[in-house]
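K.L.:
heads up, no residue letters with this:
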């Protein structure tokens with residue numbers, strides 16, 4: 001079965017250093033994950049950060065509990081980091097997070113996920129029926145959360 005690639009790009013009105021700090025803190029994963037996945041970090045706090053960090057968590061997919069272990073394999077502060085599933089439901093899950101400055105002082109955040117479900121033809125069928133849609137829904141949820149979390153402050157009112 002071939003590898004799938006999912007790309008999401010979002011511009012946020014917040015400086016890159018602040019957006020990167022939020023994303024590089026694994027404690028924020030719970031806020032970014034849709035509630036229907038029942039995401040739970042299993043790694044004891046404080047959570048490690050940076051290259052070589054390992055995280056264990058549990059999600060529920062279509063009611064089934066799944067344990068997942070992630071390795072941060074690349075970590076370039078303020079610029080990008082890459083997490084890779086080393087145990088979990090995918091044969092491959094490789095997620096690159098990139099952060100770029102925008103001319104207005106905001107941040108362009110790009111997520112690229114390369115993934116593949118194992119199990120040969122059955123995995124191909126599962127990907128076609130559910131996985132592609134589920135990945136898109138997860139990132140759509142995340143986009144809404146981030147738009148709310150990093151929305152610009154309202155302009156001050158002027159007296160009439």
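P.N.:
It's in. On a predicted model such as this, the values are computed, not experimentally measured, just so you know.

K.L.:
what helix or strand does residue 7 sit in?
P.N.:
Applying DSSP states H and E as the criterion places residue 7 in strand 4-12.

K.L.:
distance from the chain centre to that strand, please.
P.N.:
The chain centre lies 10 Å from the centre of strand 4-12; the measure is Cα atoms, centre = their mean, to the nearest Å.

K.L.:
was I right to think residue 70 contacts residue 85?
P.N.:
Yes - with contact defined as Cβ atoms under 8 Å, residue 70 reaches residue 85; the gap is 5.9 Å. (Each C-beta comes from the backbone N, C-alpha and C, glycine too.)

K.L.:
of the two, who's got more company?
P.N.:
For the pair residue 70 and residue 85, the greater number of neighbours falls to residue 70 (21 against 17), based on other Cβ atoms under 10 Å.

K.L.:
bridged to residue 12, which residues?
P.N.:
Beta bridges link residue 12 to residue 107 when assigned by DSSP bridges.

K.L.:
quick one: it and residue 79, what's the gap?
P.N.:
16 Å (Cβ to Cβ, to the nearest Å).

K.L.:
pick out whichever of these two has more residues nearby.
P.N.:
Comparing residue 12 with residue 79 by neighbour count (other Cβ under 10 Å), the higher total belongs to residue 12, at 21 against 13.

K.L.:
quick check: that one touching residue 107?
P.N.:
Yes - between residue 12 and residue 107 there is a contact at 4.9 Å, judged by Cβ under 8 Å.

K.L.:
lowest average confidence, helix or strand, in the chain?
P.N.:
helix 120-126 (a mean of 64; mean pLDDT, DSSP states H and E).

K.L.:
helices and strands around the lengthiest helix in the chain, which ones?
P.N.:
Longest helix in the chain, counting residues (DSSP state H): helix 132-149. Packing partners of helix 132-149 (3 or more Cβ pairs under 8 Å, 6 or more residues apart in numbering; DSSP states H and E): strand 4-12, helix 29-32, strand 107-116.
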